[in-house]
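> this is a predicted model, with the sequence first.
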2 protein chains.
Amino acid sequence: MPEHISKQFDLELETIRTRVLQMGGLVEQQILSAIDALTSGDVAKMEKVIAEDALVNALEVAIDDDCQHIIARRQPAASDLRMVLTVVKTITDLERIGDEAQKIARMGRTVHGSERYQIPRFREIRKMAEVALGMLRRALDAFARLDATAALELAEEDQRLDEDFASELRQLITFMMEDPRTISMSIDVLFIAKAIERIGDHAKNISEYVVYLVKGKDIRHTTIETIKRETLDN
Amino acid sequence: MPEHISKQFDLELETIRTRVLQMGGLVEQQILSAIDALTSGDVAKMEKVIAEDALVNALEVAIDDDCQHIIARRQPAASDLRMVLTVVKTITDLERIGDEAQKIARMGRTVHGSERYQIPRFREIRKMAEVALGMLRRALDAFARLDATAALELAEEDQRLDEDFASELRQLITFMMEDPRTISMSIDVLFIAKAIERIGDHAKNISEYVVYLVKGKDIRHTTIETIKRETLDN
């Protein structure tokens, strides 16, 4: 990022970047807690995740407000403007990741509230969650270090996560057909898997905004081949 | 909106607003086509919806680009800046509504590609789609007419649509338990219902941006009571 005559402006830009990373850390924690609570059946922890989504939402509104003030007062151009607009988009995806964590916690509450404690295919769900969490961390790291190369990795990982979801779906269908009494519970698990798959989508989105920020190029809605070309060339 | 010294600036703002409404019209058409194709089993129409999602994506990227240029060149303040930022957010939701229409068409292809042509609970799905489409039209209309009062209606309608989804889910579970051979097909229908429910969420989001645009107040993540207070007071 270029240096500005106004130190105050630099500070403001740095502050919103830091707040995005804080928000990212909170959202990461929410996913971790939701998955942990699912493993342990800790209903109090699920309730906490559900309640703390309000913090994620409040952060989104606050950072959004900061961005508007910066645009109005500082009239940023070029890469500064791109930074502010990248933040506006990134926090929308972070907020929606927060929603997905909350959904997982809600589903966890339903699952553990029912008679049958045995969650089908739970190990696979945990594995998917680890992949999605890794993607989120990688995306936030790319944002922090202005690293455009992450987008390619994340596009590929997102494809694998989509395949994991499809395979999970097939397995759950088999499971339900073998024992129709598991249908209701299996559908809860299916929605948990879906929430995890969406976390991967949002992480991918964030890494694409970073490419736009660093390279000034919009690679959303393009193929992995295009992403490869745009992020690896200089 | 205030008058500007620069007629050119007025024209630019008017142009992005018109393009948002164009994009909204296209997305509306995509949902209609997807649901129609589902009814008639018209696979060519499904393929068209799937292919034309690229147009929706291209419009998003183009309008986003226009918004950036306007901010960089015109340095808008106050309500003009709010208008541009509202457009940036609105097109993200419209693009995701487009994704949901594409998903419905993909599911339709799967459903009609399988041996059993009888889609369970299809009438209810159509009814849900009509509600979601009505919500989208109302949100676009609110954007066009800068009408902050739509947010309240849409928040209430969104709650009803969520309830419809929950009831649809319960009915589908009963259906699957009665005849486990319908599990796979029912899950496709469940995902179609989920896509429709999300269209409602996005329409609600758009109406909330309009409140922010008109009143300068951020009502996202608040209760229906707060929305009532903020949109009806003057």
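Cool, got the structure. What you see is a predicted model; the values in this text were computed from it and never measured.
> may I see the buried residues of stretch A:162-175?
By 16 or more other CB atoms under 10 Å in any protein chain shown, the buried positions in stretch A:162-175 come out as A:164, A:165, A:168, A:169, A:172, A:173, A:175. Where C-beta positions appear, they are placed from N, C-alpha and C, glycine not excepted.
> pull the number of nearby residues for residue A:6.
10 (other CB atoms under 10 Å in any protein chain shown).
> OK, contacts around the residue nearest to residue A:30 when sequence neighbours are not counted?
Excluding its sequence neighbours, the residue lying closest to residue A:30 (CB to CB, 6 or more residues apart in numbering or on different chains) is residue A:101, at 3.8 Å. Residues near residue A:101 by CB atoms under 8 Å, 6 or more residues apart in numbering or on different chains: A:27, A:30, A:31, A:33, A:34, A:49, A:53, A:195, A:199.
> let's have these in TSV, adding neighbour count.
TSV is the format used below for these (neighbours: other CB atoms under 10 Å in any protein chain shown):
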residue	neighbour count
A:27	28
A:30	25
A:31	24
A:33	19
A:34	27
A:49	27
A:53	22
A:195	25
A:199	28
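> tell me the one of those residues nearest residue B:148?
Taking CB to CB as the measure, residue B:148 sits nearest to residue A:53 out of the contacts of residue A:101, at 25.5 Å.
> got the contact list for that closest one?
Residue A:53 sits next to A:30, A:98, A:99, A:101, A:102 when contact means CB under 8 Å, 6+ apart.
> the buried residues of stretch A:162-175: which ones sit near chain B?
A:169, A:173 (CB under 8 Å from any CB of the partner chain).
> tell me the angle the longest helix seen in chain A makes with helix B:78-113.
Longest helix in chain A by number of residues, with DSSP state H as the criterion: helix A:78-113. Using axes from the mean of the first three to the mean of the last three CA atoms, to 10 degrees, the direction of helix A:78-113 lies 50 degrees away from that of helix B:78-113.
> mind listing what's buried in helix A:78-113?
A:80-109, A:111-112.
> in chain A, where is pLDDT below threshold?
Low-confidence segments of chain A (pLDDT under 70): A:1-5, A:114-119, A:233-234.
> close to chain B: what parts of it are there?
By CB under 8 Å from any CB, the residues of chain A that approach chain B are A:54, A:57-58, A:60-61, A:64-65, A:68, A:71-72, A:75, A:77-78, A:81-82, A:85, A:88-89, A:92, A:169, A:173, A:176-177, A:180-181, A:183-184, A:187, A:190, A:218, A:220-221.
> could you identify the buried members of those?
Using 16+ other CB under 10 Å as the burial test, those include A:57, A:60-61, A:64, A:68, A:71, A:75, A:81-82, A:85, A:88-89, A:92, A:169, A:173, A:176, A:180, A:183-184, A:187, A:190, A:218, A:220-221 as buried.
> tell me who's in contact with residue A:25.
Residue A:25 touches residue A:140, counting by CB under 8 Å, 6+ apart.
> again with the one 3 residues further on
By CB under 8 Å, 6+ apart, the residues touching residue A:28 are A:133, A:136, A:137, A:140.
> before we move on, which element is it in?
helix A:7-40 (DSSP states H and E).
> residue contacts, residue A:45?
Counted by CB under 8 Å, 6+ apart, residue A:45 has contacts A:33, A:36, A:37, A:105.
> the second one - how many residues pack around it?
Right, residue A:36. Close neighbours of residue A:36, defined as other CB under 10 Å, add up to 16.
> would you quantify the distance from the nearest residue to it once chain neighbours are set aside to residue A:26?
Closest residue in space to residue A:36, ignoring its immediate chain neighbours: residue A:45 at 6.7 Å, by CB to CB, 6+ apart. Going from residue A:45 to residue A:26 by CB to CB, to the nearest Å gives 15 Å.
> with residue A:101 as the reference, measure out to residue A:165.
Distance from residue A:165 to residue A:101, by CB to CB: 17 Å.
> find the nearest non-adjacent residue to residue A:49, please.
residue A:105 (3.8 Å).
> that neighbour reaches residue A:52, doesn't it?
No: here residue A:105 lies out of contact with residue A:52, judged by CB atoms under 8 Å, at a distance of 9.4 Å.
> can you list the buried residues in the helix or strand encompassing residue A:129?
Counting by DSSP H and E, the element that carries residue A:129 is helix A:122-145. Judged by neighbour count using 16+ other CB under 10 Å, the buried positions of helix A:122-145 are A:124-125, A:128-129, A:131-133, A:135-136, A:138-140, A:142-143.
> stretch A:154-164 now?
For stretch A:154-164, using 16+ other CB under 10 Å, the buried residues are A:154, A:155, A:157, A:158, A:161, A:164.
> so which helix or strand takes in the second one?
When elements are assigned from DSSP H and E, residue A:155 belongs to helix A:150-178.
> angle of that helix against helix A:122-145?
Calculated by the same axes, to 10 degrees, helix A:150-178 forms an angle of 160 degrees with helix A:122-145.
> check which helices and strands the following helix or strand past helix A:150-178 is in contact with.
Counting by DSSP H and E, the next helix or strand C-terminal to helix A:150-178 is helix A:183-215. Helices and strands touching helix A:183-215, by 3 or more CB pairs under 8 Å, 6 or more residues apart in numbering or on different chains; DSSP states H and E, are helix A:78-113, helix A:122-145, helix A:150-178, helix A:224-232, helix B:150-178, helix B:183-215.
> by contact count, what packs against the fifth one?
Translated: helix B:150-178. Judged by 3+ CB pairs under 8 Å, 6+ apart, helix B:150-178 is in contact with helix A:183-215, helix B:122-145, helix B:183-215, helix B:224-232.
> just send these back as a markdown table, with distance to residue B:10 too.
Shown next, in a markdown table, are those (distance: least, CB to CB, whole Å):
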| stretch | distance to residue B:10 |
| --- | --- |
| helix A:183-215 | 28 |
| helix B:122-145 | 16 |
| helix B:183-215 | 17 |
| helix B:224-232 | 27 |
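> between these, which gets nearest to residue B:21?
Nearest of the helices and strands packed on helix B:150-178 (CB to CB): helix B:122-145, 5.9 Å.
> what is the closest one packed up against?
When contacts are defined as 3+ CB pairs under 8 Å, 6+ apart, helix B:122-145 packs onto helix B:7-40, helix B:78-113, helix B:150-178, helix B:183-215.
> format those as CSV; extra columns: distance to residue A:214.
Formatted as CSV, those follow (distance: least, CB to CB, whole Å):
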stretch, distance to residue A:214
helix B:7-40, 25
helix B:78-113, 19
helix B:150-178, 36
helix B:183-215, 28
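> cool, thanks, talk later.
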